[in-house]
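Colleague: Need a 3D model of the following:
(2 chains)
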Amino acid sequence: MNRSLRPLLATTLIFLFAYMLAVTQQPAMLSTRVLGNFLTDNAFLGIAAVGMTFVILSGGIDLSVGAVIGFTTVLVAVLIMWLQLHPLVAFAVALAVATAFGAIMGAAIHYLKVPSFIVTLAGMFLARGGASVLSPDSIGIEHPFFTAVQKSYILLPGGGRLTVVGMIMLAVFAAAILLAHRTRFGSNVYALGGSETSAALMGVPVARTTISIYALSGFLAGLAGVVFSLYTSAGYSLNALGVELDAIAAVVIGGTLLTGGYGFVAGTFIGVMLQGLVQTYIVFDGTLSSWWTKIVVGVLLFMFILLQRLVFRAGPRRT
Amino acid sequence: MTRPTVDLRPTGQPPLPRPRPIATFFTRPQVIALAAVLLVNWALFPGFFTITWQDGRLFGSLIDVLNRGAPVAILAIGMTMVIATKGVDLSVGAVMAISGATAATLVTNGVPAPVAVLAALGTGVLCGLWNGILVTLLDIQPIIATLVLMVAGRGLAQLITEGTIVTFADPLLIFIGTGSFLGLPMPVVIALVLMILATLLVRRTALGLLIEAVGVNRSAARFAGLKANALLLIVYTFAGFCAAISGLIVAGDIRGADANNAGLWLELDAILAVVIGGTSLMGGRFSIPMAVLGAMIIQAMNTGILISGFSPEFNLVVKSAVIIVILVLQSPLSARLFRRLPGAQK
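Modeller: Residues are numbered from 1 along each chain as shown, chains lettered A, B, ... in the order given. A predicted model of the protein is given here:
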């Protein structure tokens, strides 16, 4: 079998195994209701993790996504509740701001030649600070459009609900898989992650690709913020605190190599679902405390990092 | 201090006269920045430099800056060494929570305070050792290796405290957080002692040079016969130890261990302090006292924003502005611009 598919396969098997294990403990977890809620509850994380996948594939890291989600929810709330804009207009403005924010970070990373880690750290401070300067308090969003969107869903067999939010996430994953594996931009991202110098020598437009990657991550973080505001009907500067860590964990658990150049968007989807599974199981169990989520996710993260090392050690060395 | 230097300037030029150390200290950008921030604070709040002696200890805003900045300064001491090896330790905030939780839980269960303190320091060392093993033996990127503990660490801390905020009334732990020695608050004394010891250790022995060698090129250092892995293990363990001390101080300060909020985001402050201190994230040359100075600059800005009546969140915006300015100043782009200015290069 193709060696490069191994981590993806491992993630999928572990997810199926964990799900079966959970079902034997809590038979009620095997229903489309639970699966539908998986998609709804983790939609914002999934969308942000897609952007993170592209960034990590290119060999970088984006610490600002959680803060951009928080900022977007506040911006959307301010535009709708204070300026009386239609939610769709507010979404467009928020997405444009988030995309521009990402693009500026990408430009800083490329032209100032500094690690992405520190630039996006500054971005994280700026977005969180900006959000709390806009409004330190939580703003509730009340609009007929919001209620309409929240109430519409597709009924799945077995009583599960595929909400609009869940559908957005699935659409983002589908589009991202095409973008990563079927377009020139996708190939450029992989090339950049493999080796920036070789990519530049091969004629990959490094500046344009780097800026596009971070703009994409910003856009998707913005979209995750829009989804988060639909999910909670509120804008708050401390929303989605620490989501960047969950997103990175999802990407790694999904089998993407942290040094870049190697991985699958589909793996990230399973990584997100696996985290959702852990949370849902803890809720179902009722006796475990919520902090176990963090520990289990940490252990999973460690296992997959270890697995990556073993897979890459076992095969013939390429340098 | 004599260290081997390689002169890369074209031959035939006379060597630059070595400036006197005291003079160079006061023209360092970090010192000027700290002075500027303090002066702005003084302009906003005329009593800023007033220090009074009360109940056998010093009081005043300046002392407060030192006191509040001490935990980050201690983290920055460990972080400087990690960053000098071209690494980074994201887990220090979580390690603070673990160490505080350990000490508090042990003390409330009747364990003598000195044992609890040692146990807390021991857990910090273990956490650092864990990071070091991931970075060396498993050869994982430092950001990712320490991310594992950053994610799981707070969960572990909550496991220790069983999800509650453990409060205590033990005099020794409270003394570490709020006591005073020779008129100075205890956190400041600990930070100063640690800074001096660490600086002496790396600068009076070859350790500092070896750490820089590993940071510049790990493979080359190994080929040159350095035990790079052992050195990295020591450095990460030391960072964990520093984080444990900070955790004890923060717990002693609030007389309780809060697994959720103790040391939250302080790893980022510590990294920022190190970067302000002029240590490059790409490894190599480092300075512990300058990183401590960086921590003081951050705290002086915090205090300034608080006394001028802005909301504390505004701090984040200021911090990001500082990072951006530093990045622009350190980038090769601005170096090229400066070189073009006539008279910029002597």
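
Colleague: ok now the lengthiest helix in chain B, how far from the chain's centre?
Modeller: Secondary structure assigned by DSSP state H gives helix B:228-254 as the longest helix of chain B. Helix B:228-254 sits 10 Å away from the centroid of its parent chain (Cα atoms, centre = their mean, to the nearest Å).

Colleague: Report the mean per-residue pLDDT for that helix.
Modeller: For helix B:228-254, mean pLDDT is 92.

Colleague: From the contact counts, what lies against that helix?
Modeller: helix B:61-84, helix B:92-108, helix B:113-136, helix B:171-178, helix B:186-203, helix B:207-216, helix B:218-223 (3 or more Cβ pairs under 8 Å, 6 or more residues apart in numbering or on different chains; DSSP states H and E). The way it works is simple: take the backbone N, C-alpha and C, and place the C-beta from them, glycine included.

Colleague: Columns mean pLDDT, mean neighbour count and distance to A:Ile47 on top of those helices, output as a markdown table?
Modeller: Putting the helices and strands packed on helix B:228-254 into a markdown table (pLDDT from 0 to 100; neighbours: other Cβ atoms under 10 Å in any protein chain shown; distance: least, Cβ to Cβ, whole Å) gives the following:
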| stretch | mean pLDDT | mean neighbour count | distance to A:Ile47 |
| --- | --- | --- | --- |
| helix B:61-84 | 91 | 27 | 33 |
| helix B:92-108 | 92 | 29 | 26 |
| helix B:113-136 | 93 | 21 | 30 |
| helix B:171-178 | 85 | 18 | 42 |
| helix B:186-203 | 92 | 18 | 42 |
| helix B:207-216 | 87 | 20 | 37 |
| helix B:218-223 | 85 | 14 | 37 |
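
Colleague: B:Phe286 and chain A: what is the separation?
Modeller: 16 Å (Cβ to the nearest Cβ, to the nearest Å).

Colleague: Give me the three-state assignment for that residue.
Modeller: Assigned state for B:Phe286: coil (three-state reduction, DSSP: H, G, I helix; E, B strand; the rest coil).

Colleague: What parts of the stretch 201-346 of chain B come near chain A?
Modeller: Applying Cβ under 8 Å from any Cβ of the partner chain, we find that the stretch 201-346 of chain B lies next to chain A at B:259, B:268, B:271-272, B:275, B:281-282, B:311, B:313-321, B:323-324, B:327-328, B:330-333.

Colleague: Recalculate using a threshold of 6 Å.
Modeller: Contacts of the stretch 201-346 of chain B with chain A, taken as Cβ under 6 Å from any Cβ of the partner chain, map to B:281, B:311, B:313, B:316-317, B:319-320, B:323-324, B:327, B:331-332.

Colleague: Just the buried subset of the residues you listed, please.
Modeller: B:281, B:313, B:316-317, B:319-320, B:323-324, B:327, B:331 (16 or more other Cβ atoms under 10 Å in any protein chain shown).

Colleague: what stretches of the stretch 1-150 of chain A score poorly on pLDDT?
Modeller: A:1-4 (pLDDT under 70).

Colleague: Closest to the centroid, which residue in chain B?
Modeller: Residue closest to the average C-alpha location in chain B (Cα atoms, centre = their mean): B:Ala76, at 0.9 Å.

Colleague: on that earlier part again, which strands and helices lie in contact with the next helix or strand after the longest helix of chain B?
Modeller: Downstream of helix B:228-254, the first helix or strand assigned by DSSP states H and E is strand B:256-257. Judged by 3 or more Cβ pairs under 6 Å, 6 or more residues apart in numbering or on different chains; DSSP states H and E, strand B:256-257 is in contact with helix B:92-108.
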